[in-house]
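A.B. asks: what would the 3D arrangement of this be:
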Amino acid sequence: MSAGLIARPAIARKSEALRGTVRAPGDKSISHRALMLGGLAAGRTRITDLLEGDDVVHTARAMQALGATVRKEGETWIVDGVGNGALLAPDAPLDFGNAGTGCRLTMGLVGVYDFATTFIGDASLIKRPMGRVLDPLRHMGVQVTAAEGGCLPVTLSGPKTANPVSYRLPMASAQVKSAVLLAGLNAPGITTVIEPVMTRDHTERMLQAFGANLTVETGAGGERIIRLQGQGRLTGQDIDVPGDPSSAAFPLVAALLVPGSDITIRNVLMNPTRTGLIVTLQEMGAQIDVLNARFQGGEDVADLRVRSSELKGITVPEERGPSMIDEYPVLAVAAAFAEGRTVMSGLEELRVKESDRLSAVAAGLKLNGVDCEEAPASLVVHGRPSGKGLGNAAGAAVATHLDHRIAMSFLVMGLASEHTVAVDDATIITTSFPEFVELMTGLGATIE
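C.D. replies: Got it, this is the predicted structure:
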């Protein structure tokens with residue numbers, strides 16, 4: 001079962017050349033943050049191209065439960081905020097379904113308020129550890145009640161007045177950084193976050209756009225120091241959400257692997273903290289042309305022309321991980337068709353995603369004839385450029401473990417494999433990319 005629905009298997013078959021122009025769906029990270037800050041700001045926020053996947057819808061519902069008004073008018077989402085410091089106690093637990101980002105960021109946003117808030121989720125989310133967010137919130141004075149291992153359900157009870165903190169991230173995590181900064185909005189004084197390795201910076205950019213007094217500087221040791229003045233005024237904004245590079249990764253890799261393909265993906269977010277996959281694939285020999293680069297809504301955006309390419313295996317620099325952490329499953333699929341060996345390391349974070357993604361990817365590759373080696377924090381893939389023998393002639397399905405990126409990655413694999421590739425459940429794809437199958441089949445992919 002995925003997200004309370006009946007599991008629906010899907011099969012991808014070897015396809016003819018992919019052709020056409022598509023628009024990437026709205027970025028999930030930015031969509032979550034736009035709803036949260038719009039709900040917290042004074043006045044009205046208008047959001048266009050919001051990702052309407054299940055994950056983001058759960059965040060919209062949570063903001064409504066906390067006092068904001070959220071509705072859709074035509075193609076635009078309208079959010080009337082409550083004003084910083086004025087969120088209301090919810091009447092019931094906040095259910096985030098499969099949305100780890102929405103859940104963790106909202107814990108920061110509302111956890112420091114002087115009332116109790118309970119967070120729940122689906123069968124996948126309740127297994128994901130929340131301790132990395134709960135620890136800094138405790139330092140800010142929040143009382144925490146959690147299930148074993150720091151998992152959901154979690155109840156947060158905020159103090160009368162939150163303590164501003166100076167918090168050094170023990171790991172590279174945009175979610176933890178963002179949760180602390182969002183908590184700092186309702187704390188007096190200055191909240192400081194120190195990150196040794198830069199992670200996606202959408203929260204910092206958007207806080208500044210909404211009027212927060214936030215500064216960023218580089219420390220003597222090269223670390224990034226972010227300071228936020230709490231209890232300031234936020235003002236509603238107009239936001240055009242750029243296309244999600246993590247979603248664009250699937251048609252992009254498919255076009256690289258299916259011979260004769262030539263597609264264009266429009267409006268892709270090109271924030272340097274999110275382009276690790278594109279850089280890596282280009283190093284592997286991918287023909288990816290960046291067209292019409294522009295600055296839009298505070299972010300770098302471009303169109304990508306992608307043509308089928310002969311890829312070569314490489315060793316992916318470990319420090320690139322934070323800029324492509326969600327793209328490793330589909331990179332592993334690309335590596336399965338590359339000449340030689342692709343080495344990916346520093347992958348500890350994949351163990352605590354929607355599934356144990358490292359294990360799920362390795363198991364799916366092996367099921368479909370790929371030679372690979374999984375270690376505690378690394379994956380080595382030995383490619384087969386022709387795709388000969390890849391896939392599963394017996395029709396055995398990849399276990400997706402309620403993970404949308406596992407499902408989409410292996411459906412992409414089937415488009416270039418000799419045999420079909422099946423996944424045990426495609427319903428979970430709606431959490432981040434509801435139009436995935438329609439978009440892919442529109443380009444010529446065979447997915448049933």
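A.B. asks: show me the helices in this structure, by range?
C.D. replies: According to DSSP state H, the chain carries its helices in the segments 28-40, 54-65, 100-111, 131-139, 174-184, 202-209, 245-257, 276-283, 328-335, 357-367, 404-414, 436-443.
A.B. asks: kindly export the last one (C-alpha atoms) in PDB.
C.D. replies: Meaning helix 436-443. Extracted in PDB, the C-alpha atoms of helix 436-443 (Å, rounded to 0.1, in the frame of the first residue of the first chain):
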ATOM      1  CA  PHE A 436       5.300  11.700 -14.700                       C
ATOM      2  CA  VAL A 437       3.800   8.900 -16.800                       C
ATOM      3  CA  GLU A 438       1.800  11.300 -19.000                       C
ATOM      4  CA  LEU A 439       4.900  13.500 -19.600                       C
ATOM      5  CA  MET A 440       7.100  10.500 -20.400                       C
ATOM      6  CA  THR A 441       4.700   8.800 -22.700                       C
ATOM      7  CA  GLY A 442       4.100  12.100 -24.500                       C
ATOM      8  CA  LEU A 443       7.800  12.100 -25.400                       C
END
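A.B. asks: by contact count, what packs against that helix?
C.D. replies: strand 19-23, helix 245-257, strand 446-447 (3 or more CB pairs under 8 Å, 6 or more residues apart in numbering; DSSP states H and E). All C-beta spots, glycine's among them, are computed from the backbone N, C-alpha and C.
A.B. asks: which of the ones you listed sits most buried?
C.D. replies: With neighbours defined as mean count of other CB atoms under 10 Å, those peak in mean count at helix 245-257, which reaches a mean of 27.
A.B. asks: now the angle between strand 19-23 and that one, please.
C.D. replies: 170 degrees (axes from the mean of the first three to the mean of the last three CA atoms, to 10 degrees).
A.B. asks: quick check: phi and psi on Leu347?
C.D. replies: Note on Leu347: its backbone torsions stand at phi -100, psi 20 [degrees, to the nearest 10].
A.B. asks: check contacts around it.
C.D. replies: Contacts for Leu347 (CB atoms under 8 Å, 6 or more residues apart in numbering) come out as 321, 328, 358, 377-379.
A.B. asks: export these to CSV and append columns for pLDDT and distance to Thr76.
C.D. replies: What follows is the contacts of Leu347, written out as CSV (pLDDT from 0 to 100; distance: CB to CB, whole Å):
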residue, pLDDT, distance to Thr76
Gly321, 92, 36
Tyr328, 98, 34
Leu358, 97, 39
Ala377, 96, 43
Ser378, 97, 44
Leu379, 98, 42
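A.B. asks: can you tell me which of these is nearest Thr264?
C.D. replies: Using CB to CB, Tyr328 comes nearest to Thr264 of these, at 24.7 Å.
A.B. asks: shouldn't that closest one be in contact with Thr342?
C.D. replies: No - using CB atoms under 8 Å as the test, Tyr328 is too far from Thr342 to be in contact (10.7 Å).
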